[in-house]
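Undergrad: 3D model of this:
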Amino acid sequence: MFVMKQISINSIREKVYNTIRDDDDNDLLSNIFDTIIVLLILINTFIIILDTYINIRPYIDKFRTPIEIISIIIFTIEYFLRIWTSVYIFPKLKPIKAVIKYIFSVKSIIDLIALIPFYFSLFLLDNFNILRLIRLFRILSILKTNRYSKAISTIGQIIKRKSIQLFSSCIVVFILILFSSVFMYYIENESQPEIFDNAFSGIWWAISTLTTVGYGDIYPVTILGKVVGTFIAILGIGLIAIPTGLISAGFVEEMYNNKSKGKKYCPHCGKKLLYMGKRHLTKR
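TA: Alright, predicted model coming up:
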């Protein structure tokens, strides 16, 4: 009897997992579930945007509470269902370890961060200012769309795959920003003491220059400062483009991998391989 009950629970858990799992092999029920979650996320985001309009804010308050309650219930159920079905995400681990690993995973943390503001808004009804700030953080729920959009999840996969290169390029950019700020301070401090008053006061200038935005609110006035600023701006064009190039290359690789999924190609000539034991020939 106990074994049959356990089998029944496992069967239900597997069905739940197949409904809420993150992949493209979805049935009708799974697509309905994904649609409901995405709609709730979009509705809550839309309410936050409309709340910035003072004229229509009183009308929003009339239906805000029901939407918040429905969102809390559905997002909470989804969160705990994902924890409950984590044994299928990490099938090689014991159930307890699988649950712990999932709870501390990036996706679970994003779900939790998106869920917490809803509960805070329920307990802070008397403090209007804090309540509005907490409601603003509910826009973080839009991060959950990473699960339901292949395009967004692809970006996440590319960033993860290129994380070492991206981190290295960001470190180089950070060093250049810091160097530019300190260097410009020593050049411009005497001419503009009210603007370049310390080593870190030029960070805003360095960032806007390296990113080629150039707001024009802070700029060098000395000849040496202008020369140095010119070189920093030119150098910034190349350095800032590195992360963009890495992500673009990642997209190309992802497109190639999706196109060649289920097929094998020679890494040298790109032709389809004909397998003959441990050796292979290219299809001519």
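
Undergrad: could you check how many residues crowd around the closest residue to I89 other than its chain neighbours?
TA: With sequence-adjacent residues excluded and distances taken as C-beta to C-beta, 6 or more residues apart in numbering, I89 is closest to Y102, at 6.0 Å. Quick note: C-beta positions are derived from backbone N, CA and C, even for glycine. By the criterion of other C-beta atoms under 10 Å, Y102 has 19 neighbours.

Undergrad: look up phi and psi at Y102.
TA: Note on Y102: backbone dihedrals following degrees, to the nearest 10 are phi -70, psi -40.

Undergrad: relative to N10, how far out is it?
TA: 17 Å (C-beta to C-beta, to the nearest Å).

Undergrad: what of A98?
TA: A98 is 14 Å from N10, by C-beta to C-beta.

Undergrad: which of these two has more residues huddled nearby?
TA: A98 (19 against 12).

Undergrad: mind jotting down where the helices sit in this structure?
TA: 2-20, 28-50, 57-84, 86-89, 95-103, 106-123, 128-137, 145-148, 150-161, 163-188, 203-210, 223-259 (DSSP state H).

Undergrad: mean pLDDT and distance to I195 for those helices - can I get that in TSV?
TA: TSV is the format used below for those (pLDDT from 0 to 100; distance: least, C-beta to C-beta, whole Å):
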stretch	mean pLDDT	distance to I195
helix 2-20	75	54
helix 28-50	83	36
helix 57-84	85	40
helix 86-89	89	53
helix 95-103	91	48
helix 106-123	77	38
helix 128-137	58	32
helix 145-148	60	41
helix 150-161	71	36
helix 163-188	86	7
helix 203-210	86	8
helix 223-259	81	11
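
Undergrad: looking at those, spot the one closest to D197.
TA: Among the helices of the chain, the nearest to D197 by C-beta to C-beta is helix 163-188 (8.4 Å).

Undergrad: contacting residues for I60?
TA: By C-beta atoms under 8 Å, 6 or more residues apart in numbering, I60 lies in contact with 47, 50-51.

Undergrad: cutoff 6 Å now
TA: 50-51 (C-beta atoms under 6 Å, 6 or more residues apart in numbering).

Undergrad: and the gap between it and T45?
TA: Counting by C-beta to C-beta - I60 and T45 are separated by 13 Å.

Undergrad: what about D34, how many residues close to it?
TA: Using other C-beta under 10 Å: D34 sits among 18 other residues.
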